[in-house]
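**Student:** Starting from these lines, generate the structure:
(one chain, ligands or ions: 1)
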Amino acid sequence: MGYIEPAPIKDLENPFESMMSRFHIAAQHLGLDDEVYNVLKSPARQVIVSLPITMDDGSIQVFEGYRVIHSTILGPSKGGVRYDMGVNIDEVKALAAWMTWKCAVVDIPYGGAKGGIKCNPRAMSAGEIERLTRSYTESMVDVFGPDRDIPAPDMGTGPREMAWMMDAYSRSKGMTVNAVVTGKPIVLGGSLGRTEATGRGVMVSALAAMEKLKINPYKATFAVQGFGNVGSFAALLLAERGGTIVSVSDISGAYYNEKGINIQEAIEFRNLNNGTLEGFLGAEKIDGNDLLTLEVDVLIPAAKEDVITAENANNIKARLIVEGANGPTSSKADKIINDKGIMVAPDILANAGGVTVSYFEWVQNRLGYKWTAERVNRRSDRIMKDAFDVVYKTSLQYDVPMRIAAYIVAIDKVAKTYKFRGGY
Ligand code: GLU
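**Tutor:** Here you go, the predicted structure:
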């Protein structure tokens, strides 16, 4: 393969390059031909819009919005929309590609996309966020569609924003189209189990990996970075299965309790405290960065990308890392982690429970039918466990770490589908 040399990665803090370096290694193992390599590395479509919004004080502020469709080879593209000041085109491109691989790993019939708006939702009123969300949706009316591209929540967005997106899209079409977006409130056709789905999938992946490593959940300690939708549910569900969560963190800092934090109490505290753990008395406050290097069995980074880097990877003491966030480990840290013998349940596998239940939501909307929570959970648990087993088997077969194995499974599937579909 002519593209192997020179090593393509220079700037490892760039998430797209970070994603590409793993893609590159997996492609080499698969012996992927140059043509398919080039198709899969390039996003199919990138849309950037400028969104002028009237703020509550009467001023007009211009926001930048993005939607990147990485691939529609397996089906309509799928992926969340992120509201964060760190949003930029390279990040959205990487996140879109990760969605392609994620959907392929769990074998659901979607391609990958991601959207984002560079903004700080914490500093905006509900009315300002609503106007921004509607304006973004309106400018994406020709991009989105239940058979074309289906947004969902991500960092900084949730059911409230999805309801506005569904409404804005539906108004533009003159009819209710609830399958255009997932992660909606239940009354609007949201699925039972969707809110907890990503955290639940993290729990299933963690237990599957712990079984391989012979770590008994009742004796295991966990540190969870991020106490949002992913981290808090992962922590809660693992605690319910006997795990001791010794540390959790959010934007206010990290919290440590050697005997285990009462996660239910921490969630209730956060819900009544503006969404943060600031002032939580059930644990001692420690430096946010120290959480990653605590003496625990399992580390769950569930906040954002590039938190495990070449600088701190050497100090990690956990035996298992389960990636609740997208891209929490920089590609430069991969080698250090592997050399230390730490097992990683990678993002595109471990956090795929969210998009899996998004798929169930879309299926229910299209059927005009509602599943019970029990049915949703049972089916998503099975998909997550099966995906883990396939990736684990692939890692043994190719003698590669779990992350590369997950990419091999995903790229192989997308490449084979591409070959069958053919091109011009
Ligand atoms: N934003 C979530 C993710 O990164 C969910 C995407 C979806 O449900 O479409 O996986």
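
**Student:** Stretch 313-322 spans what distance, first to last residue?
**Tutor:** 14 Å (Cα to Cα, to the nearest Å).

**Student:** Please compute how far it lies from its chain's middle.
**Tutor:** 20 Å (Cα atoms, centre = their mean, to the nearest Å).

**Student:** Could you pull up the mean pLDDT of it?
**Tutor:** Averaging pLDDT along stretch 313-322 yields 98.

**Student:** Also stretch 191-199?
**Tutor:** For stretch 191-199, the per-residue pLDDT averages 97.

**Student:** Please, which helix or strand holds residue 53?
**Tutor:** Remark: residue 53 resides in strand 45-54, with elements defined by DSSP states H and E.

**Student:** How about that strand, which residues are buried there?
**Tutor:** Buried residues in strand 45-54, defined by neighbour count with 16 or more other Cβ atoms under 10 Å: 47, 49, 51, 53. Placement of C-beta: from N, CA and C, glycine included.

**Student:** and those residues, which two are the farthest apart?
**Tutor:** Longest distance between any two of the buried residues of strand 45-54 is 18.0 Å, between 47 and 53; criterion Cβ to Cβ.

**Student:** and the buried residues of strand 45-54 as CSV, adding distance to residue 230?
**Tutor:** Output for the buried residues of strand 45-54, formatted as CSV (distance: Cβ to Cβ, whole Å):
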residue, distance to residue 230
47, 27
49, 28
51, 27
53, 28
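
**Student:** if we can go back for a sec, mind checking what helix or strand follows the strand holding residue 53 in sequence?
**Tutor:** With DSSP H and E, the next secondary element past strand 45-54 is strand 60-71.

**Student:** Can you identify each of the strands in the stretch 301-424 of the chain by residue range?
**Tutor:** 320-322, 343-345 (DSSP state E, counting those that start in this stretch).

**Student:** among those strands, which is the most enclosed?
**Tutor:** Mean neighbours per residue, mean count of other Cβ atoms under 10 Å, is largest over those for strand 320-322, with a mean of 27.

**Student:** Contact residues of the stretch 301-424 of the chain facing the ligand?
**Tutor:** By Cβ under 6 Å from any ligand atom, the residues of the stretch 301-424 of the chain that approach the ligand are 326, 351, 354, 355, 358.

**Student:** one step back: may I see the buried residues of strand 45-54 arranged in CSV, with distance to the ligand and pLDDT as well?
**Tutor:** CSV is the format used below for the buried residues of strand 45-54 (distance: Cβ to the nearest ligand atom, whole Å; pLDDT from 0 to 100):
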residue, distance to the ligand, pLDDT
47, 17, 98
49, 20, 98
51, 20, 98
53, 23, 98
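
**Student:** In this protein, what residue lies closest to the ligand?
**Tutor:** Going by Cβ to the nearest ligand atom, the ligand is nearest to residue 80 of the chain, at 2.8 Å.
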